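> Kindly generate the corresponding structure for this input.
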Amino acid sequence: MLALGPDEVSNSLFLAPHPRLAPYITTYYYTAIESRDGELVQDWLNPEWAGIRYVWIGDTCGTIRSGPFEPSPRAQFAGPTTVTLPFGATRAWIASIGILPLGWHRFMREPAGNWANKIGGAGDVASIVPFGSMLEGVQAAGEPRAISDFFDAQFLAAMDAHPLTKAQAAEEARIIAAHAALIDPDVSTVAELTERLGMSVKQLHRFSLKVFGFAPKLLIRRQRFIRTMAAVIHNPASNWADALDLQYYDQPHFNRDFREFFDMSPDQYRREPH
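As a prediction, the model looks like this:
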């Protein structure tokens, strides 16, 4: 169980997956939330790749962008996002799995675009991993390291039962190259992305929707936004102007992206508790 200090309302723990899973999964992360006054504790998730969340104690609620909060499934799947996913709880222990684009290709059996900016039940996504039935195993494990072992076992069993074909292995290599190009700050246009990958614009568009969930131009905007957000999160004392990614022309350029992705201004976001 995650420990909370007397004045803490939340705490998080990050654990690495099995080495065989490292190319496919970002991390397993565990969050404990305990409101001290009975009021909803809430935060805003940054745009991210797909993820699965299991609430093994308590309940959570959430939405997409600025919609009304609704009760969340205790076993929830979230597709790749370009917008914030606000969430909240008064008391909850949550086990989460971050899925990389390569992991989408390895474990899912439908295009990532089907789940772009979408949340639903963990069993709703077509996958070789039994996400919909794993909550019981999470509850039985009961603590982060045991849950991580359980997650490892589920993913490794799926990999062993479905070895890669030659075509799938070749596609993995292409996804690795595309992901590396996408997160490279020196790649700032769709033309540069197509040149790096040796694809036509149409080929890249179809490939991006299938693997990443979004069109190439939006993915590039998303990445420069994520780099800026990461700089601020890692140095909370910094201001937005100092943290701006070099692909932004100026602060208003970033502000427009922020309002589109979060439905609020950067200053409004900074004033909220996190």
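
> quick one: low-confidence ranges for the stretch 51-200 of the chain?
By pLDDT under 70, the stretch 51-200 of the chain has no low-scoring segment.

> Tell me which stretches of the stretch 101-250 of the chain form strands.
119-121 (DSSP state E, counting those that start in this stretch).

> what are the ranges of the helices in it?
101-107, 135-141, 144-161, 166-182, 190-197, 201-211, 216-234, 240-243 (DSSP state H, counting those that start in this stretch).

> Determine the number of other residues adjacent to the nearest residue in space to Ile128 that is not next to it in sequence.
Distances taken as C-beta to C-beta, 6 or more residues apart in numbering place Ala158 nearest to Ile128, at 4.6 Å, with adjacent residues excluded. C-beta: built from backbone N, CA, C; applies to glycine. Using other C-beta atoms under 10 Å, Ala158 has 15 other residues around it.

> what do you get for Arg106?
For Arg106, using other C-beta under 10 Å, the count is 25.

> Who are the contact partners of the residue nearest to it when sequence neighbours are not counted?
Distances taken as C-beta to C-beta, 6+ apart place Tyr24 nearest to Arg106, at 5.2 Å, with adjacent residues excluded. When contacts are counted by C-beta atoms under 8 Å, 6 or more residues apart in numbering, Tyr24 touches 17, 99-100, 102-103, 106-107, 155.

> Let's have these in CSV, adding distance to Pro80.
CSV is the format used below for these (distance: C-beta to C-beta, whole Å):
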residue, distance to Pro80
Pro17, 19
Ile99, 9
Leu100, 10
Leu102, 13
Gly103, 11
Arg106, 15
Phe107, 14
Phe155, 18
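
> Can you tell me which of those has the most neighbours?
Ile99 (27 neighbours).

> so that residue makes contact with Arg53?
No: Ile99 is not in contact with Arg53 according to C-beta atoms under 8 Å; the separation is 11.5 Å.

> picking that back up, tell me the pLDDT of the residue nearest to Arg106.
On the pLDDT scale, Tyr24 is placed at 98.

> how far away is it from Gly121?
21 Å (C-beta to C-beta, to the nearest Å).

> pretty sure the residue nearest to Ile128 is in contact with Arg109, am I right?
No: applying C-beta under 8 Å as the test, Ala158 and Arg109 come out as separate, 11.0 Å apart.

> Need the overlap of contacts for those two.
With C-beta under 8 Å, 6+ apart, Ala158 and Arg109 have common neighbours Ile128.

> What residues of stretch 128-140 count as buried?
Residues of stretch 128-140 classed as buried by neighbour count (16 or more other C-beta atoms under 10 Å): 129, 131-132, 134-135, 137-138.

> Format these as JSON lines; extra columns: distance to Ala92.
Shown next, in JSON lines, are the buried residues of stretch 128-140 (distance: C-beta to C-beta, whole Å):
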{"residue": "Val129", "distance to Ala92": "23"}
{"residue": "Phe131", "distance to Ala92": "19"}
{"residue": "Gly132", "distance to Ala92": "20"}
{"residue": "Met134", "distance to Ala92": "17"}
{"residue": "Leu135", "distance to Ala92": "13"}
{"residue": "Gly137", "distance to Ala92": "18"}
{"residue": "Val138", "distance to Ala92": "13"}
